[in-house]
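Trainee: generate a structure from the sequence data that follows.
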Amino acid sequence: MAKAGRKQNRSEPEQLTISVSKETYAYLQYMAVNGIIGPSESIIAAHIVTREIDKLKKSDYFSRRVPTTGS
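Mentor: Have a look, this model is predicted:
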């Protein structure tokens, strides 16, 4: 039986800290309490950011190659 989890083509995660408005945070709290997308605000936010970046990459939004490392 296959293990559930992160897709095999994903790299190891990097830590990121962001600030959001109180309204956005309240919405993330609502989603977490109701089990929408994930169990915590940070997991939900990470999922949304990753999903949106993936959409940008697929749509060729960036006209130049974006480096995959922080340098």
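
Trainee: alpha carbons only for contacts and neighbour counts from here, please
Mentor: Noted.

Trainee: neighbours of the residue nearest to Val33 when sequence neighbours are not counted, how many?
Mentor: Spatial nearest neighbour of Val33, excluding adjacent residues (Cα to Cα, 6 or more residues apart in numbering): Pro39 at 7.2 Å. For Pro39, the neighbour count with other Cα atoms under 10 Å is 14.

Trainee: tell me the buried residues in the helix ranked longest in the chain?
Mentor: In the chain, taking DSSP state H as the definition, the longest helix is helix 41-58. Using 16 or more other Cα atoms under 10 Å as the test for burial, helix 41-58 gives Glu41, Ser42, Ile44, Ala45.

Trainee: which strands or helices does that helix pack on?
Mentor: For helix 41-58, the elements it packs on are helix 22-33, judged by 3 or more Cα pairs under 8 Å, 6 or more residues apart in numbering; DSSP states H and E.
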